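Colleague: Just need the structure, nothing else, for what follows:
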Amino acid sequence: MQPAKAPEADRTPEVVPEPRPCAPWRLRSVEALPGARLKVVFADGSAGEVEMQSFLQGPKVDGSVFEALRDPAYFAKVRLVLGAVEWPNGADLAPDAMYEAIRARGAWTLE
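Modeller: Numbers count the residues shown, from 1 in each chain. As a prediction, this is how the structure comes out:
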């Protein structure tokens, strides 16, 4: 009998082929822009910008997971994880609220 191998860590985000989100509010792409803004494209092709500058400068962010996003270099580390915007420290944004605001106004401004 052969010895059992130790199981690898759960690597769900690395599933091949990558899961394609089907809900229209799931994101297909995200790009960091100057001024704490994001350019986003959703699964249904809707696109717009997320404006975070005033939110990040506000006192509600002090001591929170979003405080690290004040650094432009860290803000630029944004990525998609299973159709949602996320940063390496776990900060994330609600894709459904983002989708509704962008569909209505073309942009989502966090305050």
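
Colleague: And for the closest residue to Ala97 other than its chain neighbours, the neighbour number?
Modeller: Nearest residue to Ala97, sequence neighbours excluded (Cβ to Cβ, 6 or more residues apart in numbering): Trp108, at 7.4 Å. C-beta here means a position set from N, CA and C on the backbone, and glycine is covered the same way. Close neighbours of Trp108, defined as other Cβ atoms under 10 Å, add up to 22.

Colleague: quick one: secondary structure of Trp108?
Modeller: strand (DSSP: H, G, I helix; E, B strand; the rest coil).

Colleague: My understanding was that it contacts Met52; is that so?
Modeller: No - assessed by Cβ atoms under 8 Å, Trp108 is found out of contact with Met52, at 9.0 Å.

Colleague: ok, back up a step: so in terms of bridging, what pairs with the residue nearest to Ala97?
Modeller: Val50 (DSSP bridges).

Colleague: Tell me the predicted confidence for it.
Modeller: On pLDDT, Trp108 comes in at 97.

Colleague: where's it relative to Gln57, distance?
Modeller: Trp108 is 17 Å from Gln57, where distance means Cβ to Cβ, to the nearest Å.

Colleague: And Met98, by the same measure?
Modeller: As judged by Cβ to Cβ, Met98 and Gln57 stand 20 Å apart.

Colleague: more crowded one of those two?
Modeller: Taking neighbours as other Cβ under 10 Å, Met98 and Gln57 compare with Met98 leading, 22 against 10.
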